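Q: turn this into a model:
(chains A and B)
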Amino acid sequence: DAGVTQSPTHLIKTRGQQVTLRCSPKSGHDTVSWYQQALGQGPQFIFQYYEEEERQRGNFPDRFSGHQFPNYSSELNVNALLLGDSALYLCASSLNGGTYEQYFGPGTRLTVT
Amino acid sequence: GIQVEQSPPDLILQEGANSTLRCNFSDSVNNLQWFHQNPWGQLINLFYIPSGTKQNGRLSATTVATERYSLLYISSSQTTDSGVYFCAVARSGGSNYKLTFGKGTLLTVNP
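A: Numbering: from 1, shown residues only, chains lettered A, B, ... in the order given. Coordinates of the predicted model:
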């Protein structure tokens, strides 16, 4: 039973560029959430996708957008990268609903130079 | 939004010692999870425990939802237990699905 997978593992981008991160949920899960973890901090919620719609969003600017595909996999897009976007980006999957356990992928470490 | 406070922020133990990590939260929750983050950043699920008590080997956890706190117990600690431990909660009510994390407890177990 495959867990949550993310790609790529590491990424280096230049300020102003755009980046796309990918996530495949755990088998049987239909809900994907994205989190940003800065160095030395706990993860911060970016948004959650269910039924191909964004249904909850955290305090992140519109430069952060996402998509969920019919197979439940998801993408996180970040436009006009800033140095402050350098972080570990974590994807979590779960069954529908806030009460279910969330499982995290290994993360994508993004460095913006 | 809901506040999550973890204590202590840092903890240094000798191998074989026991420890207790605490998580206080400011509102009713319908989800509470404990995670261990390894040096590569992977968040490993330890417990899903919005209420009650659970045990898994040397680890156990208790959540007293009415008093808004949870405890994670580590017994007979090993060097492999080192890392950051996070508590995360989802506030009850409304269309709330996100997990809010505490700042974590950095545990170092020395041989």
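Q: residue numbers of chain A in contact with chain B?
A: A:31, A:33, A:35, A:37, A:41-45, A:48, A:55-56, A:58, A:88, A:90, A:92, A:97-104, A:106-107, A:109 (CB under 8 Å from any CB of the partner chain). For glycine as for every other residue, the C-beta is placed from the backbone atoms N, C-alpha and C.
Q: you'd agree A:Pro43 is up against A:Gly58?
A: No. Counting by CB atoms under 8 Å, A:Pro43 does not reach A:Gly58; the two are 10.3 Å apart.
Q: before we move on, what SS does residue 66 have?
A: As the question left the chain open, I've gone with chain A. Under the three-state scheme (DSSP: H, G, I helix; E, B strand; the rest coil), A:Gly66 adopts strand.
Q: oops, chain B please
A: helix.
Q: how close does it get to B:Leu99?
A: As for B:Thr66, its distance to B:Leu99 is 21 Å (criterion: CB to CB, to the nearest Å).
Q: so for the two, which sits in the more crowded spot?
A: B:Leu99 (29 against 8; other CB atoms under 10 Å in any protein chain shown).
Q: phi, psi of the closest residue to the more buried one other than its chain neighbours?
A: Closest residue to B:Leu99 apart from its sequence neighbours, by CB to CB, 6 or more residues apart in numbering or on different chains: B:Ala88 at 4.1 Å. Dihedral pair for B:Ala88: phi -140, psi 140, per degrees, to the nearest 10.
Q: contacting residues for A:Ser73?
A: For A:Ser73, the contacting residues are A:22-25, A:32, by CB atoms under 8 Å, 6 or more residues apart in numbering or on different chains.
Q: let's see that with 10 Å instead.
A: Going by CB atoms under 10 Å, 6 or more residues apart in numbering or on different chains, A:Ser73 touches A:5, A:22-25, A:32, A:49, A:67, A:91, A:93.
Q: list the buried ones in the least confident helix or strand in chain A by mean pLDDT?
A: Scoring the helices and strands of chain A by mean pLDDT, DSSP states H and E places strand A:53-57 at the bottom, with a mean of 93. For strand A:53-57, a neighbour-count test (16 or more other CB atoms under 10 Å in any protein chain shown) marks A:Gln56 as buried.
Q: and that strand, what does it pack onto?
A: strand A:44-50, strand A:64-68 (3 or more CB pairs under 10 Å, 6 or more residues apart in numbering or on different chains; DSSP states H and E).
Q: what about 8 Å?
A: Applying 3 or more CB pairs under 8 Å, 6 or more residues apart in numbering or on different chains; DSSP states H and E, one finds that strand A:53-57 contacts strand A:44-50.
Q: for the strand it packs on, what is the average pLDDT?
A: The predicted model assigns strand A:44-50 a mean pLDDT of 96.
Q: what does stretch A:5-16 give?
A: 98.
Q: could you export it as PDB, CA atoms only?
A: Provided in PDB are the C-alpha atoms of stretch A:5-16 (Å, rounded to 0.1, in the frame of the first residue of the first chain):
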ATOM      1  CA  THR A   5       4.300  10.600  -2.600                       C
ATOM      2  CA  GLN A   6       5.700  13.900  -3.600                       C
ATOM      3  CA  SER A   7       7.900  15.200  -6.400                       C
ATOM      4  CA  PRO A   8      10.400  16.500  -6.900                       C
ATOM      5  CA  THR A   9      12.400  16.000  -3.700                       C
ATOM      6  CA  HIS A  10      14.400  19.100  -4.000                       C
ATOM      7  CA  LEU A  11      14.100  22.200  -6.200                       C
ATOM      8  CA  ILE A  12      16.200  25.300  -6.700                       C
ATOM      9  CA  LYS A  13      14.500  28.300  -8.400                       C
ATOM     10  CA  THR A  14      15.300  31.900  -9.000                       C
ATOM     11  CA  ARG A  15      13.300  34.800  -7.500                       C
ATOM     12  CA  GLY A  16      10.500  35.700  -9.900                       C
END
